[in-house]
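Trainee: Okay, structure incoming, though there's no sequence with it:
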């Protein structure tokens with residue numbers, strides 16, 4: 001069944017700094033930073049949270065529906081996504097704003113400094129989730145990072161209509177205030193954050209971890225190199241908590257979009273009916289494949305190779321259970 005993925009749609013300008021940001025930052029002068037980093041690489045890639053998640057789903061044979069706002073400059077990007085299995089028919093097109101831009105510099109330690117221009121994303125409140133849900137026969141809506149007011153509006157719409165939804169505040173946690181974040185996550189089937197975002201979410205909302213768990217059915221927290229923790233996983237794991245380690249990597253290239261790929265893989269596998277553990281394994285391997293490439297939509301899922309890498313990271317039993325869904 002279709003999954004609606006609402007979020008930012010952007011072009012990524014990815015640069016590499018051949019040094020460490022930390023070596024250029026003076027702790028006693030951080031209140032007046034004025035720095036320019038001479039970079040040695042520039043890659044212009046397709047990006048944005050929603051297309052990244054959709055691309056991951058489509059690579060696994062899912063049925064993602066892209067939801068968001070773009071400018072009239074979206075044509076080539078639309079063609080690419082459509083060709084790769086993403087439904088783009090419900091994207092709002094602005095007549096006055098450009099598609100969003102993400103500009104990011106990564107150092108040799110994979111630390112990042114980025115800026116995001118919202119552009120057409122500011123018009124995200126001009127569309128509703130309900131009509132798209134009805135038109136596509138969707139089973140789930142992902143409310144990811146885009147215009148904060150629209151995120152709150154769309155999560156409320158899902159609650160009011162009884163639609164299953166995922167709260168994925170991601171980078172917008174830094175922009176949103178406590179009351180907005182409390183409204184966003186209330187009643188979500190799933191809440192995605194990384195471990196730092198979870199702590200920031202608690203700080204801004206005034207909620208404890210237990211308070212947040214009471215607001216959502218299941219909490220999924222990515223832990224970087226330590227894997228992923230799933231709380232509220234029913235009968236699986238110890239006391240309803242499942243932990244899955246990261247998939248084995250071939251190399252580290254660029255971390256941009258790693259979390260988006262994890263979400264796409266995880267949610268697609270859950271729609272297949274796989275367990276929380278297996279779903280996290282699928283998502284973790286996709287995340288590793290993104291880490292190994294420059295750009296968020298440059299990898300390709302080939303069934304045989306994907307199965308071999310699943311077996312390498314999680315064992316033959318995991319691969320045998322997952323691979324049939326890829327055929």
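Mentor: Looks like it came in fine. The shown structure was predicted, so the numbers you read here are calculated from the model rather than taken from an experiment.

Trainee: surely residue 279 meets residue 269?
Mentor: Yes: contact between residue 279 and residue 269 holds when scored by Cβ atoms under 8 Å: they sit 3.7 Å apart. (Glycine included, C-beta is placed from N, CA and C.)

Trainee: give me phi/psi at residue 321?
Mentor: phi -80, psi -30 (degrees, to the nearest 10).

Trainee: do the one 3 residues further on as well
Mentor: Residue 324 adopts backbone torsions of phi -60, psi -20, taken as degrees, to the nearest 10.

Trainee: cool, residue 297 as well?
Mentor: In terms of degrees, to the nearest 10, the main-chain angles of residue 297 are phi -130, psi 40.

Trainee: For it, give me its contacts.
Mentor: Contacts for residue 297 (Cβ atoms under 8 Å, 6 or more residues apart in numbering) come out as 45, 46, 47, 51, 52, 55, 80, 84, 257.

Trainee: State the distance from it to residue 52.
Mentor: Distance, residue 297 to residue 52, by Cβ to Cβ, to the nearest Å: 7 Å.

Trainee: Look up the residues that both of these two are in contact with.
Mentor: Here residue 297 and residue 52 have residue 257 as joint contacts, going by Cβ under 8 Å, 6+ apart.

Trainee: Next, the buried residues of stretch 177-196.
Mentor: Buried residues in stretch 177-196, counted by 16 or more other Cβ atoms under 10 Å: 180-185, 187-194.

Trainee: And the contacts of it?
Mentor: Contacts for stretch 177-196 (Cβ under 8 Å, 6+ apart): 140, 143, 148, 151-152, 155-156, 158-159, 164-170, 173, 176, 201, 204-207, 212, 215-224, 259, 263, 267.

Trainee: rewinding a little: tell me which of the buried residues of stretch 177-196 fall in strands.
Mentor: 190, 191, 192, 193, 194 (DSSP state E).

Trainee: so where's the stretch 151-300 of the chain uncertain?
Mentor: The stretch 151-300 of the chain contains residues with pLDDT under 70 at 234-239.

Trainee: for it, what spans make up the helices?
Mentor: Secondary structure of the stretch 151-300 of the chain (DSSP state H, counting those that start in this stretch): helices located at 178-185, 195-205, 209-215, 258-272, 276-291.

Trainee: Which one, of these, ends up nearest to residue 251?
Mentor: With Cβ to Cβ as the measure, helix 276-291 is the member of the helices of the stretch 151-300 of the chain nearest residue 251 (8.3 Å).

Trainee: Who are the contact partners of the closest residue to residue 106 other than its chain neighbours?
Mentor: In space, and not counting its chain neighbours, residue 106 is closest to residue 112: 5.0 Å by Cβ to Cβ, 6 or more residues apart in numbering. Residue 112 is in contact with 104, 105, 106, 255, 256, counting by Cβ under 8 Å, 6+ apart.

Trainee: By neighbour count, which of those wins?
Mentor: residue 256 (25 neighbours; other Cβ atoms under 10 Å).

Trainee: Now do the same contact list for it.
Mentor: 12, 14, 47, 104, 106, 112, 290, 295, 296.

Trainee: Can you pull up the most central residue in this protein?
Mentor: With distances taken as Cα atoms, centre = their mean, residue 260 lies nearest the centre of the chain, 2.7 Å away.

Trainee: Please tell me I have it right and that residue contacts residue 49.
Mentor: Yes: applying Cβ under 8 Å, one finds residue 260 in contact with residue 49, separated by 5.6 Å.

Trainee: quick one on the thing from earlier: what is the nearest of the contacts of residue 112 to residue 134?
Mentor: Of the contacts of residue 112, the one sitting nearest to residue 134 (Cβ to Cβ) turns out to be residue 256, at 34.1 Å.

Trainee: Got the phi and psi for the closest one?
Mentor: phi -60, psi 130.

Trainee: ok, it to residue 79 distance?
Mentor: From residue 256 over to residue 79 the distance is 22 Å, taken as Cβ to Cβ.
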